[in-house]
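# 3D model of this:
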Amino acid sequence: MTFSQKMYSRMTNRRLNAAVARLAAAAWVMAGCGGEADTSGGAAPAGTASADQGEPVPTAIVLRPDRILDGRGGALTGTEVVVRDGRIAAVAEAGTTDGLVYDLSGTTLLPGLIDTHVHLGWHFDRDTGRLHTAGSTDTPEDEVLYAAANAWSMLQSGVTTVQSLGGPEDIPVREAIAAGALPGPRIITSVSPVTAGTGDPAAIRAHVDEMAAAGADVIKIFASASIRVGGTPTLSQEQLDAACGQARTHGLRAVVHAHSSESATRAALADCHQIEHGALLDRPTLELLAERGLYYDPHIHLIFDNYFTNVERYIGIGNYTEEGFAQMRAAVPVALEVFREALTVPGLKTVFGTDAVAGAHGHNWRELAYRVQEGGQDPMAAVVSATSLAAESLELGDAIGTVTEGFEADLIGLEGDPSADIEALGRVVFVMRAGRVHRNDPVAGSAGR
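Model (predicted):
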């Protein structure tokens, strides 16, 4: 039985539609009963007109913050953003545009964060409180609901695009969000990865073909073992050549789980697109990635801290053993030093990703804070890594990640300025995705809100 057949036998269209219908109903109840969600195209501030629930606001939406970070390293004051039909129509002098005004005094407006590595469907089971595994009592509908809940948590925290690497439950949630039936970040999914168990190069090419047919946006490849068992290489050069080469025939990017220098080097030589994790890379390998134009997506804090916080929910499952946790603890300072080294490599494109798994969704920003506070990254560079550079890595750099005319209106407002205080990323008060407002909290001390 092929992957697609397994996916559809496990999650029939009828059951998926039922799960999505339940989620859509919940979203409408929240919007109509005064909850935080507002999928109406923007509930207006007090004293201004609003469209009916569920309908786009017919006039321009005008956002007036204290400052704007454009996502490319620039900062603007005395400026407003005008949104029409889900896109940025103008970045203009403040007070010059009529429309539905959001007074965002006390905030910094910037592009929504783009997390290039999450696991949307990972969750703790309802009956045990432990990591979901095969054989759980969770139904396919439950899995879709958990994925949608994780998507909502991330959207509320200011993440407006995620690359989920990946699971079949990603697809119905992706489609429901894209259709406007559910609130959530834009979802890009790999569906199911290439692993050592996929087989020889011919079998790997066939798997990539299947993923493309199943609707994958990107191909995920495991080229090394988990850091919990040493991170050693698991795929040969021929296997990586087959995986990344076949991805290119479908016009898809290939992102590669590679902890060791040997596995990352093979991925670079195979012309893959991005290296995930890379906790054990040496400088020559980092320089090779820069030379060959690969993106580097290190995960140096949130993934580890989340595991340590939730150890009782993971321990004893698969390679989440006592030894596995010891290996992760030992890897923390090593991964931090590799990140610090990466910052000194000219031309290396280091993007924002968290590897958010069960327990971590909605805390994504903490990875950026750690990179600045412990890794020594410049705060504005950290913001760029999670906005325009992350968008570029997804080959969406002409559509998202920047506050500029014609781009998607994926925008967030923060209490404070993350280019001066990176902790401001944890103080999200305003979230807009594709021109629809999903969060608009009061800012302490700001008049008129």
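# Go through stretch 291-304 and flag the buried ones.
294-304 (16 or more other Cβ atoms under 10 Å). All C-beta spots, glycine's among them, are computed from the backbone N, C-alpha and C.
# what domains does the record give for the chain?
If you go by automatic domain parsing, the domain ranges for the chain are 61-110+402-440, 113-393.
# With mean pLDDT as new columns, can those domains be given to me in a markdown table?
As requested, the domains of the chain are exported to a markdown table (pLDDT from 0 to 100):
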| stretch | mean pLDDT |
| --- | --- |
| domain 61-110+402-440 | 97 |
| domain 113-393 | 97 |
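# Which strand residues bridge residue 131?
Taking DSSP bridges as the rule, residue 131 bridges to residue 124.
# Run through the residues that contact it.
Residues near residue 131 by Cβ atoms under 8 Å, 6 or more residues apart in numbering: 122, 124-125, 313-314, 317, 320, 358.
# cool, residue 68 as well?
Contacts of residue 68 by Cβ under 8 Å, 6+ apart are 75-77, 79, 81, 91, 108-110, 403.
# Torsion angles phi and psi at it?
phi -130, psi 130 (degrees, to the nearest 10).
# Can you name the residues bridging to it?
residue 76, residue 109.
# ok so, going back, now flag whichever of the contacts of residue 131 is closest to residue 398.
residue 122 (31.0 Å; Cβ to Cβ).
# Make sure that closest one is actually in contact with residue 133.
No. Using Cβ atoms under 8 Å, residue 122 makes no contact with residue 133, being 10.6 Å away.
# What's the PyMOL line that selects buried ones from the contacts of residue 68?
Here is the PyMOL command that picks out the buried ones among these, judged by 16+ other Cβ under 10 Å:
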select buried, resi 75+76+79+81+91+108+109+110+403
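# Please tell me how far residue 277 sits from residue 226.
Distance of residue 277 to residue 226, given as Cβ to Cβ, to the nearest Å: 9 Å.
# the more surrounded of those two?
For residue 277 versus residue 226, neighbours defined as other Cβ atoms under 10 Å are more numerous around residue 277 (29 against 19).
# Show the contacting residues for the more buried one.
227, 231, 257-259, 297-299, 355.
# Could you export these as CSV, including secondary structure and distance to residue 412?
Listed next are the contacts of residue 277 as CSV, based on DSSP: H, G, I helix; E, B strand; the rest coil; distance: Cβ to Cβ, whole Å:
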residue, secondary structure, distance to residue 412
227, helix, 31
231, coil, 34
257, strand, 29
258, strand, 31
259, coil, 32
297, strand, 21
298, coil, 23
299, coil, 22
355, coil, 21
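# Let me see the ranges of the helices in the protein.
Using DSSP state H, the helices of the chain run over 3-10, 13-32, 140-156, 170-178, 201-214, 237-249, 261-269, 283-292, 302-309, 311-314, 322-342, 365-373, 379-385, 388-393.
# Which among the ones you listed is found nearest to residue 348?
The nearest among the helices of the chain, by Cβ to Cβ, is helix 283-292 at 4.0 Å.
# in the closest one, what's buried?
Neighbour-count burial for helix 283-292 [16+ other Cβ under 10 Å]: 285-286, 288-290.
# swap in stretch 317-333?
In stretch 317-333, counting by 16+ other Cβ under 10 Å, buried: 320, 324-325, 327-328, 331.
# do the same with stretch 103-113
103-104, 106-113.
# what sits against the residue lying closest to residue 397 once chain neighbours are set aside?
Nearest residue to residue 397 in three dimensions, chain neighbours excluded: residue 391, at 4.7 Å (Cβ to Cβ, 6 or more residues apart in numbering). Residue 391 makes contact with 71, 111, 114, 161, 397, 399-402, according to Cβ under 8 Å, 6+ apart.
# Which of the residues you listed fall within strands?
Counted as lying in strands by DSSP state E, out of those, are 111, 114, 161.
# Find the nearest non-adjacent residue to residue 438, please.
Closest to residue 438 by Cβ to Cβ, 6+ apart is residue 431, at 4.7 Å.
# Kindly report the same for residue 70.
residue 403 (4.6 Å).
# What of residue 114?
Residue 114 sits nearest to residue 390 (Cβ to Cβ, 6+ apart), 3.7 Å away.
# What is the neighbour count of the nearest residue to residue 167 once chain neighbours are set aside?
Counting by Cβ to Cβ, 6+ apart, residue 121 is the residue found nearest to residue 167 once chain neighbours are left out, at 4.3 Å. Neighbour count for residue 121, taken as other Cβ under 10 Å: 23.
# residues in contact with residue 121?
143, 146-147, 150, 164, 167, 169-170.
# Distance-wise, check it relative to residue 182.
15 Å.
# quick one on the thing from earlier: looks like the residue nearest to residue 438 contacts residue 154 (just checking).
No. Judged on Cβ under 8 Å, residue 431 makes no contact with residue 154 at a distance of 10.3 Å.
# Residue 343 against residue 375, yeah?
Yes. When contacts are counted by Cβ under 8 Å, residue 343 is listed as touching residue 375 (7.1 Å).
# which one of the two has more residues nearby?
More crowded of residue 343 and residue 375, by other Cβ under 10 Å: residue 375, with 22 against 15.
# so who does the more buried one touch?
Contacts of residue 375 (Cβ under 8 Å, 6+ apart): 300, 336, 339-340, 343.
# wait, which of those is closest to residue 381?
Distances from residue 381 to the contacts of residue 375, taken by Cβ to Cβ, are shortest for residue 343, at 8.3 Å.
# I'd like to know how far that closest one sits from residue 163.
On the measure of Cβ to Cβ, residue 343 and residue 163 end up 22 Å apart.
# which phi and psi does residue 354 have?
Dihedral angles (degrees, to the nearest 10) for residue 354: phi -120, psi -20.
# ok, now how distant is it from residue 74?
With Cβ to Cβ as the criterion, residue 354 and residue 74 are 25 Å apart.
# More neighbours: which of these two?
The neighbour comparison of residue 354 against residue 74 (other Cβ under 10 Å) goes to residue 354, with 30 against 13.
# thinking that one is in contact with residue 360, fair?
Yes. Under the contact definition of Cβ under 8 Å, residue 354 touches residue 360, with a separation of 6.6 Å.
# where do the contact lists of these two overlap?
302-303.
# now that we're looking at residue 169, which residues does it contact?
11, 120-121, 140, 143-144, 146-147.
# Would you format those as a markdown table with distance to residue 195 included?
Below are the contacts of residue 169 laid out as a markdown table (distance: Cβ to Cβ, whole Å):
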| residue | distance to residue 195 |
| --- | --- |
| 11 | 21 |
| 120 | 19 |
| 121 | 17 |
| 140 | 22 |
| 143 | 20 |
| 144 | 24 |
| 146 | 23 |
| 147 | 21 |
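# ok, of those, which one's closest to residue 427?
Closest to residue 427, out of all of those and judged by Cβ to Cβ, is residue 120, at 24.5 Å.
# Skipping adjacent residues, who's closest to that closest one in space?
residue 164 is the one closest to residue 120 (Cβ to Cβ, 6+ apart), at 4.0 Å.
# What of residue 201?
residue 242 (3.5 Å).
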